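1. Mind looking at a prediction? Sequence and model below.
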Amino acid sequence: MIEIASQVSLQGYNTLALPACAEYFCSVTSEQQIAQALDYARSHNLQVTALGGGSNLLLAGDIAGLVIYLDLRGINCVDSCKDSVTIEFAAGENWHKAIEYCLQQGWYGLENLSLIPGNMGAAPIQNIGAYGVELCDLFVSLRAINIATGEVLIMDRQACEFGYRDSIFKHKYSNCYLITQVSLELWAQPQVNLQYPALAEALAAESEPTPEMVSAAVCAIRSAKLPDPAQIPNAGSFFKNPMVDAEQLKSLLADNPKMPFYSADNGWSKVPAAWLIDQSGFRGLRSGNVGVHRDQALVLVNFGGTGAELLALANRIQSEVLERFAIALEIEPRIYGQS
Ligand code: EPU
């Protein structure tokens, strides 16, 4: 049986360590317990909010209704051939620990995504990506439970409508489903992806780089650039990297010849939000009990402030970048709760 508690602090459940309470809270370890939690919510007319690792979450205030913490565990190989394996991961598995486990089993492909905070169930929502790999590259399907009806849905890659830091779960299906399981196709033979220049550079001295070396190199790069949420509470990249068209890129480069950019499809380019924020003078800025990380302008950090303070700083950054560069930055973490 599940236990439903009331007025539960969520400060330990979000990597920004923002203070906020769940009106009602329960932790579930199986789909059967999810069904019980949804029955409870329905019979008490409570809105439902899913909670995973809390690493891409901004709690603007308390959350009304029932917060369901998804703690389902298990990693199973359900199909294998000479070159590949299909692995089912339960939603509550920690992302990085799952990668370490896969490496031990000889299942490869996730190394470039090492050390991303959070749990497996949230990975498809923002289609996590780093160092040349996105989740959708390895994705087979997921299992999700409809919050309103309790029905189970299996969704393949196409159905998830993945994009850059994006999926159907941020739009049409926002807050409609609880993701309980993710299936990925991994390689059964060691292979490495060194497309990302900084990674290729880090392993340039290795004649035969292994997946283990890739994982170690990604961990080293991330640790050098990004603050550890356990030490300085943060939610990773706070803004998406904006896309600009060829015309806007040309005019931006005319004024800022040193501006970095990455060419994307159809004449569009991605401009690093970190650079725009840095140039706007925010890197290392502290505003009350929140701030911008001193080594990485893309990361907002919490020194003991509130979600409202953090949102106010984010809005200040957005206004300044808009004024200087005519670019509207989009906040990446999901915002829950009312201030
Ligand atoms: N830069 C600055 N100032 C800074 C930081 C960076 O000018 O304070 C410049 C750098 O010199 C560089 C550019 O901005 O030219 C890009 O910086 P960086 O490589 O640090 O960030 P990014 O490539 O934009 C993205 C993801 C990261 C991911 C890395 C590696 C987004 C929003 N962020 O960062 O994702 O780890 O690529 O693939 O797409 C996350 O989602 O939490 C995250 C860390």
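-> Everything's here; your move. Numbers count the residues shown, from 1 in each chain.
2. who's in contact with residue 214?
-> Counting by C-beta atoms under 8 Å, 6 or more residues apart in numbering, residue 214 touches 111, 112, 114, 192, 193, 194, 199, 203. In short, each C-beta sits where N, CA and C put it, glycine included.
3. Among these, which lie within helices?
-> residue 199 (DSSP state H).
4. Out of the contacts of residue 214, which is nearest to residue 230?
-> Closest approach between the contacts of residue 214 and residue 230, by C-beta to C-beta: residue 114, at 16.4 Å.
5. The closest one and residue 102, how far apart?
-> Distance check for residue 114 against residue 102: by C-beta to C-beta, to the nearest Å, it reads 11 Å.
6. Quick one: residues in contact with the helix or strand containing residue 201.
-> For residue 201, the host element (DSSP states H and E) is helix 197-202. Helix 197-202 has contacts (C-beta under 8 Å, 6+ apart) with 112, 131, 132, 194, 214, 217, 218, 220, 221.
7. try it again with 10 Å
-> 111-112, 130-132, 192-194, 196, 209, 213-214, 216-218, 220-221, 225 (C-beta atoms under 10 Å, 6 or more residues apart in numbering).
8. ok, whichever residue of the stretch 101-250 of the chain sits closest to the ligand - how many residues close by?
-> Closest to the ligand within the stretch 101-250 of the chain is residue 236: 2.3 Å, counting by C-beta to the nearest ligand atom. If you count neighbours by other C-beta atoms under 10 Å, residue 236 ends up with 24.
9. between residue 114 and residue 102, what contacts are shared?
-> 211, 215.
10. In contact with the residue of the stretch 101-250 of the chain closest to the ligand, which residues are there?
-> 15-16, 55-56, 116-118, 126, 128, 130, 222, 226-227, 229, 296, 298-300, 332-333.
11. Of these, which belong to strands?
-> Judged by DSSP state E, the subset of the contacts of residue 236 located in strands is 130, 299, 300.
12. Now render these as a markdown table, adding pLDDT.
-> What follows is the ones in strands among the contacts of residue 236, written out as a markdown table (pLDDT from 0 to 100):
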| residue | pLDDT |
| --- | --- |
| 130 | 96 |
| 299 | 98 |
| 300 | 98 |
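13. What about the ligand: which of the residues you listed touch it?
-> Residues of the ones in strands among the contacts of residue 236 in contact with the ligand (C-beta under 6 Å from any ligand atom): residue 130.
14. Now that we have the ones in strands among the contacts of residue 236, which of them are buried?
-> 130, 299, 300 (16 or more other C-beta atoms under 10 Å).
15. number of nearby residues for the nearest residue to residue 196 once chain neighbours are set aside?
-> Leaving out its chain neighbours, the residue that sits closest to residue 196 by C-beta to C-beta, 6 or more residues apart in numbering is residue 132, at 3.7 Å. Applying other C-beta under 10 Å, we find 18 residues neighbouring residue 132.
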